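Enquirer: give me the fold of what follows.
(one chain, ligands or ions: 1)
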Amino acid sequence: MSAVGARGLASAAAEAMSLTWRSAPGGVSGYVFVTLAEAAAPIATAWMTKSVIDRLAAPEGEVTGLALGLAASGLAAAALPGIARYLRVQTGRRARVVATDRLFAAAERQVGLRRFEDPVFLDRLRLAQESAGATGDLVSGVCGSLHGVLSLVGFVASLLILSPAMTALVLLAAVPVLVAELLLSRRRATLQWETEQIHRREFFYSRLLTGVQAATEIRLFGIGAFLRARMMAERRVADTAESRMDRRELVTQGGLTALSASVAGAGLWWAIVAARQGSISVGDVAMFIAAVGGVQAALNSLVSSVASTHQLLLTFSHYVAVIRTEPDLLSVDEGTASELRRGIELRDVWFRYSDDHAWVLRGADLTIPHGSAVALVGLNGAGKSTLIKLLCRMYDPTRGTILWDGVDLRDIPPAQLRERISAVFQDHMNFDMSAAENIGLGDLPSLNDPVRIRDAAVRAGVHDKISQLPRGYDTLLTRMFFSEADKGDPETGVVLSGGQWQRLALARALVRDGRDLMILDEPSSGLDPEAEHEVHTRIREYRAGRTSLLISHRLSAVRDADLIAVLHEGRVAELGAHEMLLAADGHYARLFRLQAAGYQEAR
Ligand SMILES: Nc1ncnc2c1ncn2[C@@H]1O[C@H](COP(=O)(O)OP(=O)(O)OP(=O)(O)O)[C@@H](O)[C@H]1O
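Expert: Down below sits the predicted model:
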C-alpha cells in the first residue's frame, strides 16, 4: 500500500470534515450537540446515583430533586441514541451525494484515456467509490471519538476523586489497547488495498457469469464452470487473507479484554475493602463501580472509534488522491478551436502506449485537407484507430505534433476540439437506453428534438427499423431495465442486432451535424452487403465537400476517397488517389487486387 503518513491522514480528515460540513451544516451541528449530551448523561446519572444512595443512608436526606434529575437523565440516555442515529444517517446520506458527485466529476476531468488503463488508478477509483459512500461513517467515527473523550474525561475526573492510583492503572491499561487497535486498523487498510485487484477480478468474472453479453459464448464453449472456478479461486484467496486478519484481531482483542477485566476486578476488590474499613461511603462504592465501568466503556468506545476512523481515513485517502489526481494530459482552459479552414496535419508523429510498449506510430506524416474525404487503410494493428484517438486527443503524441489549422492540438481546450469533431468508433458504445437517446447522445440539445433524431436515423438507414419497434423511438434497447413508458412491462425492451447497433452509432455521429471533421472507423463492418452498399452511398454523399477520415478494410468503399493513406510500419507509406496508388503497385495495389480477386473467384 502506498504509505499514508500522519500528514496524509490529516489531509484526508480535513477533506472529509469540510465535505460533510458543506453538505449538511445543520445535521453536523445537531449530531455534535447530541453526541455531547449523550456523553454527559451517564456521568450525571452516576453522580446523582451516588448522592441518592448517600442521602438515603443519612437519617433525613431529601431526594425528590435528585430522583427527578435521575429520571430526566434516564430519559435522555434512552432517547438520545435514536436521535443521534437519525442525524448520523441523514448527514451521511447528504455527504455521500456530494462526495460521489465530486468523485465522478474528478474522473471526468481526466482528459484522455490513460488513467482508465492504469490498474493502480482503477483500484484507487474503486476504493474511492467505496469511501465516498462511507463519508458519513467518518463523521460518526469522529463524533464517536469525541463522545469517548468526553465520557472518559468525566469518569476519570470522578475516579480521580476516589482513587488516583486506580485512575492511573485504568489509564495505563488503555495504552496497549490503543496501540494494538491502531496497528490492527492499519493492517486492515493495507489488506484492503492488497486485495483490491482480487476483488476487481472476482467482480469481472461475476459480471461475465451474470451478464447477457458473454452468456452465449459461455454456454456454447461450456466455460461457465471454468469461469466460476476462477471466480471462486479469487474469492478464496481474499477470504484466506481476511480470515488470517480476523484471527489476528481475535487473539489481540482477547488478550486486551483479559487485561481490562483484571483491572476492573482489582479495582472492585480495592473499593469493597476500603468501604469495609470505612474510608469510603456506600455511595462512593456505587460511584466507583460506575466510574470504573464508565472509564472502561469510554476507553473501549474511544479506542474502537479511533481505530475505525483511522482505517476509514486510510481508505478515504484514496478518495482524496483521486479527486486530486492531475489530469493525464496537460490542457489549456483558454481559447477556442477555430472553424477548420486549411486542414489537419500530423507532423512526424511518434506514439507508443507506454515506455514498455512497442512504437505504434514511427514518424507518421499526413495532411487531411479541409473539405476532402481521406481514407486510412492498413493491416490489423497498423495503428489506424490509434491515429484517430490521437486526433481526438485521447492521448498526446510521444513525439511530433498534430496541428489543427496550424495550431497544436495541445494549445486547444480539449472540449472545444471535440466540439468540432464527430465520430463513429470501431468499438462504439451500445447504450442500454431508448433508441432516441442512443442517437440524441451524439448531440445533447437534439435529445429534445425528435425531428433531428429522426432525420439522423433516416440518413443512417435505421429509421424504418426503429419505427417498427413497440414504442418507436422511445423503445428501450435493452432487456435490463424498465422505462417510464414501459409501465413495468419487460416485454417492450428490444435487443438489436450488431448491424442495427452499428447504424445507430452512425446516426449518433450524423445527428452531430455541421462539425468540422467526421471520423468513420469501420462504420460498416457489421452490415450485410446491401446495407453496406446503402450506408457507403450515404456516407459518400455526406463526405462530398466535407472533411472526413474513413477507415475501412473494404477497399471498394474507400476507392472514391480524394486521398487514400496507407499506414505501414508506423508511417504513411503511400498517399494518393485510388488510380494513382494502383499504378504505383505498392501495398494498396496488392491488397486491393487480393480483395478483388476474392470477389472474382466467387463468380
Ligand atoms: N490501449 C492500448 N494499450 C496498449 N496497446 C494498444 C492499445 N490499443 C491498441 N494497442 C496496440 O496498438 C497497436 C495498434 O492498434 P490499433 O487498434 O490502432 O490498430 P488498427 O490499425 O486500428 O487495427 P485493426 O485494423 O485491427 O482495427 C496494436 O498493436 C495494439 O495491440
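Enquirer: gap between the closest residue to Ser260 other than its chain neighbours and Asp449?
Expert: For Ser260, the nearest residue in space outside its immediate sequence neighbours is Gln296; the separation is 5.5 Å by CB to CB, 6 or more residues apart in numbering. C-beta: built from backbone N, CA, C; applies to glycine. Using CB to CB, to the nearest Å, Gln296 is found at 69 Å from Asp449.
Enquirer: compare those two (neighbour count), which wins?
Expert: In terms of neighbours (other CB atoms under 10 Å), Gln296 is the more surrounded of Gln296 and Asp449; the figures are 21 against 14.
Enquirer: wait, that one sits on Ala264?
Expert: Yes - counting by CB atoms under 8 Å, a contact exists between Gln296 and Ala264, whose distance comes to 6.2 Å.
Enquirer: could you list which residues are in contact with Tyr353?
Expert: Each residue near Tyr353 by CB atoms under 8 Å, 6 or more residues apart in numbering is listed here: 117, 360, 395.
Enquirer: how close does the residue lying closest to the last one once chain neighbours are set aside get to the ligand?
Expert: Right, Tyr395. By the measure of CB to CB, 6+ apart, the closest residue to Tyr395 outside its immediate chain neighbours is Gly112, 5.4 Å from it. In this structure, Gly112 lies at 11 Å from the ligand, with CB to the nearest ligand atom, to the nearest Å as the measure.
Enquirer: Three-state assignment for Gly112, please.
Expert: Reducing the assignment at Gly112 to three states with DSSP: H, G, I helix; E, B strand; the rest coil gives coil.
Enquirer: neighbours of it, how many?
Expert: Gly112: 19 neighbours (other CB under 10 Å).
Enquirer: surely Ile466 is in contact with Ala460?
Expert: No - at 10.0 Å, Ile466 does not count as touching Ala460 under the criterion of CB under 8 Å.
Enquirer: which of these two has more neighbours?
Expert: Applying other CB under 10 Å to Ile466 and Ala460 shows that Ile466 carries more neighbours, namely 28 against 25.
Enquirer: report the contact partners of that one.
Expert: Going by CB under 8 Å, 6+ apart, Ile466 touches 435, 457, 472-473, 475.
Enquirer: now those: which count as buried?
Expert: When the contacts of Ile466 are checked for burial by 16 or more other CB atoms under 10 Å, the buried set is 435, 457, 473, 475.
Enquirer: widest-spaced pair of those residues?
Expert: Ala457 and Thr475 (12.4 Å; CB to CB).
Enquirer: please enumerate the shared neighbours of these two.
Expert: When CB under 8 Å, 6+ apart defines a contact, the residues bordering Ala457 and Thr475 alike are 435, 466.
Enquirer: so which residues on this structure come close to the ligand?
Expert: Within the chain, the positions near the ligand by CB under 6 Å from any ligand atom are 117, 353, 357, 360, 378, 380-386, 426.
Enquirer: turn these into TSV, including pLDDT and secondary structure.
Expert: What follows is the residues of the chain next to the ligand, written out as TSV (pLDDT from 0 to 100; DSSP: H, G, I helix; E, B strand; the rest coil):
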residue	pLDDT	secondary structure
Glu117	89	helix
Tyr353	94	coil
His357	91	coil
Val360	96	coil
Gly378	92	coil
Asn380	92	coil
Gly381	92	coil
Ala382	93	coil
Gly383	94	coil
Lys384	94	helix
Ser385	94	helix
Thr386	95	helix
Gln426	87	coil
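Enquirer: and which of the contacts of Tyr353 is nearest the ligand?
Expert: Val360 (4.5 Å; CB to the nearest ligand atom).
Enquirer: what's the nearest residue to Ser422 if we skip its chain neighbours?
Expert: On the basis of CB to CB, 6+ apart, the spatially nearest residue to Ser422 that is not a chain neighbour turns out to be Arg512, at 3.9 Å.
Enquirer: which of the three states applies to that neighbour?
Expert: coil.
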